[in-house]
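# Dropping the sequence and predicted coords here.
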Amino acid sequence: MGKCDKALVEMIYLRGEANMDVVDCELLRISENIQKQALQQANDPEDYGTTWKSKMKFIADPAFLKPLLLLLFIQAIGLEWTGFAAVRFYTVLIVRYFTYACKGKGNQI
């Protein structure tokens with residue numbers, strides 16, 4: 001069983017046998033992209049991501065840099081500025097307090 005046959009079996013499992021038109025379309029698109037990448041690598045092997053220059057060009061590309069910076073900014077706001085680190089640190093004490101309070105032992109920590 002070749003890779004194309006395995007891909008077909010997995011796509012049918014993923015999408016279902018009722019959606020064979022979607023499976024065929026998606027497999028066709030995947031095979032076209034593989035052929036384009038092979039052609040691009042054969043035409044210009046140095047610019048295919050093997051050199052540091054091409055990797056830095058990819059990182060400096062706004063299509064990569066803008067989403068990366070947005071996610072880093074959201075992470076900084078979501079994890080650090082909202083007090084998540086403090087809540088994470090005191091979670092054990094908070095759970096112990098509520099456990100003792102529910103058992104009627106008062107404020108023993």
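Sure thing, it's come through.

# drop to CA atoms for contacts and neighbour counts, all remaining ones
Noted.

# Flag every buried residue along the helix or strand containing Ser54.
Taking DSSP states H and E as the criterion, Ser54 maps to helix 52-60. Residues of helix 52-60 classed as buried by neighbour count (16 or more other Cα atoms under 10 Å): none.

# what about stretch 8-28, distance to the chain center?
In terms of Cα atoms, centre = their mean, to the nearest Å, the centre of stretch 8-28 is found 23 Å from the chain centre.

# any chance you could map the helices in this protein?
3-15, 20-43, 52-60, 62-75, 84-102 (DSSP state H).

# Columns mean pLDDT on top of the ones you listed, output as a markdown table?
Listed next are these as a markdown table, based on pLDDT from 0 to 100:
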| stretch | mean pLDDT |
| --- | --- |
| helix 3-15 | 89 |
| helix 20-43 | 89 |
| helix 52-60 | 80 |
| helix 62-75 | 89 |
| helix 84-102 | 81 |
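
# thinking again about what came up before, what's the helix holding Ser54 packed up against?
Helix 52-60 is packed against no helix or strand, with contacts defined by 3 or more Cα pairs under 8 Å, 6 or more residues apart in numbering; DSSP states H and E.

# Tell me what angle it forms with helix 62-75.
For helix 52-60 against helix 62-75, the angle by axes from the mean of the first three to the mean of the last three Cα atoms, to 10 degrees is 60 degrees.

# now helix 52-60, how far from the centre of its chain.
Offset of helix 52-60 from its chain centre (Cα atoms, centre = their mean): 21 Å.
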